[in-house]
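S.K.: model this:
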Amino acid sequence: MYKQIVFALLMLMSSSSIIAQDINAKKGVAVHGYDVVAYFDGAAQEGSKAHQVEHEGTTYRFASATNAKRFKDAPEAFLPEYGGYCAYAIAKNGKKVDVNPETFEIRDGKLYLFYNSWGNNTLKKWLKEPEVLQKLADSNWNPQH
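M.R.: Numbering: from 1, shown residues only. As a prediction, the model looks like this:
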């Protein structure tokens with residue numbers, strides 16, 4: 001019986017680390033600490049340690065207690081697509097590329113984040129053919145790699 005409990009606990013711990021690996025997080029904090037709920041209100045806003053929520057092994061920070069509660073009530077409604085990696089890079093080659101948390105789009109009720117550095121704003125590229133790229137990204141998204 002003891003061995004079965006230990007095995008079950010090990011399986012749970014390993015599945016939690018797999019989930020955490022699917023999310024673009026630095027030191028366990030998603031989206032560079034930006035408030036994923038605020039995006040849906042049209043703002044890229046930094047969150048605070050005072051308003052943070054753990055979800056499936058990852059920490060999400062919020063600008064207010066209200067936004068933290070909105071997230072707690074329905075986390076799936078606010079999670080970024082493709083684990084918070086650059087949507088354009090996922091579409092083009094399936095690569096997990098970090099993002100600039102201030103470069104985002106809300107499309108069809110979903111949050112998409114993009115790389116934007118050194119004159120390469122992938123949101124601008126995405127917006128040239130978003131429906132095509134969204135389908136490619138959906139097809140290419142494989143969080144286990």
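
S.K.: so who does residue 53 touch?
M.R.: 59-60, 62, 68, 71-72, 75 (Cβ atoms under 8 Å, 6 or more residues apart in numbering). Quick note: C-beta positions are derived from backbone N, CA and C, even for glycine.

S.K.: drop anything exposed from those residues.
M.R.: 59-60, 62, 68, 71 (16 or more other Cβ atoms under 10 Å).

S.K.: including secondary structure, could these go into CSV?
M.R.: Formatted as CSV, these follow (DSSP: H, G, I helix; E, B strand; the rest coil):
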residue, secondary structure
59, strand
60, strand
62, strand
68, helix
71, helix
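
S.K.: ok, the contacts of residue 53 vs residue 119, which is closest?
M.R.: Nearest to residue 119 among the contacts of residue 53: residue 60, at 30.0 Å, using Cβ to Cβ.

S.K.: in terms of helices and strands, where is residue 135?
M.R.: Assigned by DSSP states H and E, residue 135 belongs to helix 130-140.

S.K.: would you mind writing the CA trace of that helix as PDB?
M.R.: C-alpha atoms of helix 130-140 as PDB (Å, rounded to 0.1, in the frame of the first residue of the first chain):
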ATOM      1  CA  PRO A 130      -4.300  36.300 -38.700                       C
ATOM      2  CA  GLU A 131      -6.800  33.600 -39.700                       C
ATOM      3  CA  VAL A 132      -4.300  31.600 -41.700                       C
ATOM      4  CA  LEU A 133      -1.600  32.000 -39.000                       C
ATOM      5  CA  GLN A 134      -4.000  31.100 -36.200                       C
ATOM      6  CA  LYS A 135      -4.800  27.800 -37.900                       C
ATOM      7  CA  LEU A 136      -1.100  27.100 -38.400                       C
ATOM      8  CA  ALA A 137      -0.300  27.900 -34.800                       C
ATOM      9  CA  ASP A 138      -3.200  25.600 -33.600                       C
ATOM     10  CA  SER A 139      -1.800  22.800 -35.800                       C
ATOM     11  CA  ASN A 140       1.800  23.400 -34.700                       C
END
